[in-house]
Each structure stands twice: as C-alpha cells, then as structure tokens.
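>>> Pasting the sequence and the predicted coordinates here, then a few questions.
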Amino acid sequence: MRTAWLMVVAVAVASSVATAADRRPNVVVIMADDLGWGDLSCYGATAVQTPHCDRLAREGRRFTSGYCTASTCTPTRYSFLTGEYAFRRKGTGIAPPNGPAIIPPGLPTFASILNDAGYATAVIGKWHLGLGLPPGPAWNDVLAPGPLEIGFDHCFILPTTNDRVPQVFVEDHRVRNLDPADPLWVGDAKPSPDHPTGIDQRSRLKLDWSKGHNDSVHNGIGRIGFYTGGTRARFRDEDLADAWADETSRWIEAHADQSFFLFLASHDIHVPRVPHERFRGATTMGPRGDCIVEFDWTVGRVLETLERLDLTDETLVIVCSDNGPVLDDGYRDDAVEKLGDHRPSGPFRGGKYSVFEGGTRTPFIAWWPGRIAPGVSEEIVATVDLGRSVASLIDAAVPDAAFPDAVDISAALTGNGPGRTSLLQQDNGQSGRFGLRDGKWKLVREPTPKAKQPAGPRQPPRDALYDLDADPGETTDVSARHPEVVRRLAAELDRLTKPLAQRAAPPEAAARPRPETVTSPRA
C-alpha cells in the first residue's frame, strides 16, 4: 500500500511540475497616462518617491530609451494594440466623447493574438479608442464594437478620458449601474439653455479650469462635452484608481489557473488630477505629484496580487506610459507653481504633444523574475512592438498582416539581445510632424504651414537634425554640418510614411553595426 501511495504522489508531483513548466507566462502591461521620463524616482526624481516602480526597475530591466510612438494618448493606444503607426489610419487623433470604435473588428491585435493562443484577456482602465458604430456609442444599449470585438474577453473601462464626458464605467458591453429610468445622453452642445456649465458655475467648482474644460460639470469639475442622466452610473474621480485596482485583483484571482493577458490602463497622472484623499499631500508638488504616488500604489497592488497568488515567477510585467508629461493641461492644479526642481521630462526637450524626445521617450520597465536579468539598458524599445514581441516570447502564431510597423524586441526585453535600430515618432493625428530616431541621430520634421505657402510649387518640410549623444536636450540643429545624415534620414522617413502597400524595403546601406547594450546604474 505504501509503495502504491508513493507512486501516486510521485505521479501527482511530476504532473504538477510539467503543468507549471508547460504554462505560458502571464503578461501584464501597466500603462500610465502623461507620465514623463523623469517622473519616477528610479529615473532620477527626488521630489517624489515611487518604491513599487523602483522595485521593478531594480529587479528587472529599466530602459533609458523606452518609447511610445505618439505624444498623445489615442494614437499611442492604437499603435500599442495594433502594432501599426497611428498616422496610417484616419480618426486616430484624440478621440471625442461620442467617437465610434477606431480599431475595426477583424484587425489583428495584441489581445486577439494572445486570445487565439488560449489566453484569458482583459482591459481595465482608460480606453479612449472609441465605442460602437458610426456615428457613435449607443450609451443606453449594447456598446459594440469595442474591446470585446478585438480580442478582449473582459473590459472594465472609462470610455474616453476623464476630462471628457461621461464619468461612467463600461463593463463589457454596457454602462455599469445604468438606470433605464434615467437614460444617459452625451452631446457636443448644451442640451438646454439652463444646463449648468463650468463657465456659469465657475465660482463653485472644486477644481478650476485654465482653458476649455468648462462644459458639463460633474463632481465639482468642468469637463469637455455635455451630458445628462446616468446619475447612478457616475463615479467619483477620487475613486478611479481604487476601482480599477480592485477589479484587477478580482480578475487576476479568477484567472490564476490559466495564462492571462491584462492591459491595465491607469488614468494617473492625466487631468483632472484628483487623487484619492489618502494620497493628498503625499508630495510637495500638489495633485500632479500626488497622482504619481497613486500610480505607484496601483503598481504595488498588482505586485501584491501576483505575490498572494504565487504568480510572480510566471508573469511578465511591463510598466510604460502613453506619452510624455504636461503641466497645465486645462486645469489650475498648481502643477506649474509647485514644480520646484522636478524635471518631468528628465534631460529631454518637450513633452506631451511634441515629437521631441520628451514627448515620446518615457519610463519603460520590464520585470519577470528568473527570466529577465536585472540591469539598465540603452536599447531602443517601444510600445508599438509589444504585441509582436510577446507573441514571439510565447511562440504564438502571428498573421502575415499583423503588427506591420512592429519589430521583435523580445531579446532586448529579456536582456539577451538588441532592440530597435530606429523609431518613428508622431504627434497627434495626421499633422505631418514627425521625429525619426536612428542611433544617436534624431531628425525632426516640421511641415510647412499651408497658410504661409507662396504661389507656385509647395515648399518642402523643414528637417532639423540633432545629435542625441552630445545634445540629448535637442537644443542645437546640426543639419548644416551633416547634410549626408539629413539626406539619409529624410529618405528613410519618406519611406516609412508611405502607405504600407507602397513601402519598399530599406536600402542595403541603411544596415549598420549596433552599439552594445549599456548597463550603467543610472541613466
């Protein structure tokens, strides 16, 4: 009997080990909003402490050349999920409150490819990629297409961004807690002459506006756009981070026995900056600094959940941001007045809305205990590449048409090889304003304003060149000294911005030796 019992135990243990070994890793991407390269203490900030992000950076790989590909939220999120530069698709500018779904069902996405590979998939947090068919969302009915039509099994999202209406959660296909007797209406104009706005209610607002953000008022804060109804469904700004952290813990726990992909899209530190009461005064920088601490707390909640469920060794966690920082973005919240010596963009020029480095170079940390060696890397990595790279890590099938602008940076993420050689950066929409980083060189293209065009042939755009090794702040245009570099990068930018069907392969001469990865203790 004893021998038989030992054989049963041995088989059970072997089966358990085999199951653990065969399981594909979980993937959690935590995307901050408007978080700058210099906003975390692991990137050199001293006015704010971010111990949970610091832990990931210390135990994982912190990238000094981590990027998103656009300097505003909607296009970055589009590129992150589709692996395609957002300027290629019309309608990828900042999505309005009533905007329809931007990513069409059937287009391969990060979520759909992992879902097809057997992963449970969820998006929790800020969406801002539109919902429903044109002309826009049916707020009181089924909200589709949306996340569930492009590969996610579950969503618990803010439809747009919190300075835009409405302040409600969408759970899967419907507004959560919506009372049919109090229908939700969302529009671009005042629904009635006596509808209260941030202009006529200004003296009673708890957060004043500096520009715009003065349409409908909710929770004492003016917003962009108008809405009525949906009273029971509306949330309190102070509770956003808690609601998403709680939902994240519940969802991970419910899927702890299978491989999962979670896109956790924090609203911190986007305006309106209204942290929970327990974070108020956490820094000397006012609400913006306090929201950085709240974001770090969110990262800590995820780590706490993974540890409690014994999932840390089988989970890849990536922390990134959707674009660079901004101070006054429409509200008077002391972001400028209380900045002190803090440098949100670190040593870089620009921020949100800009194609200079501060607009798209952001915190980027990859953590996977036992699989990612701790260190600091100068390899170029970008959020547009994550779908293709994770698919490579888990050996998932990728359709030929998927992720057309992405490259496989999985070796860079794990510290075993190179990242990108170059990266295109855009601002919002289809402005024609681009940046192209290639090694130490950065080409910045400014389109010639149409209104200033003289009669005759259209003038070419102006291309400036910066040496990021010598001038990381992009203060000195060296295009006149290096015309051959300008010609080469301008030609490559022209090639990259052509429609995909017309784009040729890069010339043979473009291939150059790569520098070795740098692993210094501090950037």
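Structure received.

>>> just checking, residue 358 is part of a helix?
Yes. With DSSP: H, G, I helix; E, B strand; the rest coil as the criterion, residue 358 is part of a helix.

>>> how much space between the nearest residue to it once chain neighbours are set aside and residue 338?
Residue nearest to residue 358 in three dimensions, not counting chain neighbours: residue 345, with 3.3 Å by CB to CB, 6 or more residues apart in numbering. Glycine gets a C-beta too; all of them are placed from N, C-alpha and C. As judged by CB to CB, to the nearest Å, residue 345 and residue 338 stand 17 Å apart.

>>> ok, the residue nearest to residue 358 - how many residues close by?
By other CB atoms under 10 Å, the residues close to residue 345 number 24.

>>> these two touch, right, it and residue 351?
Yes. Counting by CB atoms under 8 Å, residue 345 touches residue 351, with 5.3 Å between them.

>>> which residues do the two both contact?
Overlap of the contact sets of residue 345 and residue 351 (by CB atoms under 8 Å, 6 or more residues apart in numbering) consists of 36, 324, 325, 358.

>>> Among those, name the ones in helices.
residue 358 (DSSP state H).

>>> could the shared contacts of residue 345 and residue 351 go into TSV alongside distance to residue 79?
Output for the shared contacts of residue 345 and residue 351, formatted as TSV (distance: CB to CB, whole Å):
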residue	distance to residue 79
36	19
324	15
325	19
358	18
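
>>> wait, doesn't residue 462 sit right on residue 448?
Yes. Residue 462 lies in contact with residue 448 (CB under 8 Å); the separation is 6.9 Å.

>>> Quick check: nearest residue in space to residue 213, chain neighbours excluded?
Nearest to residue 213 is residue 330, by CB to CB, 6+ apart, at 4.3 Å.

>>> burial measure for the residue lying closest to residue 269 once chain neighbours are set aside, as a count.
Distances taken as CB to CB, 6+ apart place residue 291 nearest to residue 269, at 4.0 Å, with adjacent residues excluded. Per other CB under 10 Å, the neighbour tally for residue 291 reads 34.

>>> now the one 4 residues further on
In terms of burial, residue 295 registers 28 neighbours under the definition other CB under 10 Å.

>>> so after whichever helix or strand it is part of, what's the next helix or strand?
Per DSSP states H and E: residue 295 is located in helix 287-308. Proceeding N to C from helix 287-308, the next assigned helix or strand is strand 315-321, under DSSP H and E.

>>> who touches that next one?
By CB under 8 Å, 6+ apart, strand 315-321 touches 25-36, 53, 56, 60, 66, 68, 299, 302-303, 306, 362-368, 371-372, 383, 386, 390, 393, 413.

>>> out of those, which are inside strands?
Taking DSSP state E as the definition of strands, those contribute 26, 27, 28, 29, 30, 31, 32, 66, 365, 366, 367.

>>> Quick check: the farthest pair among these?
Largest separation among the ones in strands among the contacts of strand 315-321 by CB to CB: 26 and 66, giving 21.0 Å.

>>> In terms of neighbours, single out the busier of those two.
Higher neighbour count among residue 26 and residue 66: residue 66, with 27 against 23, using other CB under 10 Å.

>>> What is the burial count for the residue nearest to residue 86 when sequence neighbours are not counted?
Using CB to CB, 6+ apart and skipping the chain neighbours, the partner closest in space to residue 86 is residue 75 (3.3 Å). Neighbours of residue 75 under the rule other CB under 10 Å: 29.

>>> Doesn't residue 75 belong to a helix?
Yes. Residue 75: assigned to a helix according to three-state DSSP.

>>> And the pLDDT for it?
Residue 75 carries a pLDDT value of 97.

>>> Would you map the helices across this protein?
So, for the chain - with DSSP H - the helices run 2-22, 51-59, 73-82, 110-116, 240-254, 287-308, 357-360, 386-394, 410-414, 483-496.

>>> now stretch 167-175, how far from the centre of its chain.
Mean C-alpha position of stretch 167-175 versus that of the full chain (CA atoms, centre = their mean, to the nearest Å) differs by 20 Å.

>>> picking that back up, minimum distance to residue 222: which of the helices of the chain has it?
The closest of the helices of the chain to residue 222 is helix 287-308. By CB to CB, the value is 15.6 Å.

>>> Summarise which helices and strands that closest one is packed against.
strand 26-32, helix 51-59, helix 240-254, strand 315-321 (3 or more CB pairs under 8 Å, 6 or more residues apart in numbering; DSSP states H and E).

>>> now that helix: how far from the chain's centre is it?
Counting by CA atoms, centre = their mean, helix 287-308 comes out at 16 Å from the chain centroid.

>>> okay, the angle between it and helix 51-59?
Counting by axes from the mean of the first three to the mean of the last three CA atoms, to 10 degrees, helix 287-308 lies at 60 degrees to helix 51-59.

>>> Taking strand 26-32 as reference, get the angle to helix 287-308.
Put simply, helix 287-308 runs at 170 degrees to strand 26-32, going by the same axes, to 10 degrees.

>>> Give me the buried positions along helix 287-308.
287-303, 305-306 (16 or more other CB atoms under 10 Å).

>>> For it, C-alpha coordinates in CSV please.
Output of helix 287-308 as CSV, limited to C-alpha atoms (Å, rounded to 0.1, in the frame of the first residue of the first chain):
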residue,chain,number,x,y,z
PRO,A,287,-2.1,67.0,-7.2
ARG,A,288,0.3,66.1,-10.1
GLY,A,289,2.9,64.7,-7.7
ASP,A,290,0.3,63.0,-5.5
CYS,A,291,-1.1,61.3,-8.6
ILE,A,292,2.4,59.9,-9.4
VAL,A,293,2.3,58.3,-5.9
GLU,A,294,-1.2,57.0,-6.6
PHE,A,295,0.0,55.4,-9.8
ASP,A,296,2.9,53.8,-8.0
TRP,A,297,0.5,52.4,-5.4
THR,A,298,-1.5,50.9,-8.3
VAL,A,299,1.7,49.1,-9.5
GLY,A,300,2.1,47.9,-5.9
ARG,A,301,-1.4,46.5,-5.8
VAL,A,302,-0.7,44.4,-8.9
LEU,A,303,2.5,43.1,-7.4
GLU,A,304,0.7,42.3,-4.1
THR,A,305,-1.9,40.3,-6.0
LEU,A,306,0.6,38.3,-8.0
GLU,A,307,2.6,37.5,-4.9
ARG,A,308,-0.5,36.5,-2.9
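
>>> mean confidence for that helix?
Taken as a whole, helix 287-308 has a mean pLDDT of 98.

>>> Hmm, residue 84 and the residue nearest to residue 86 touching each other?
No. Contact criterion CB under 8 Å: residue 75 and residue 84 do not qualify, at 10.3 Å.
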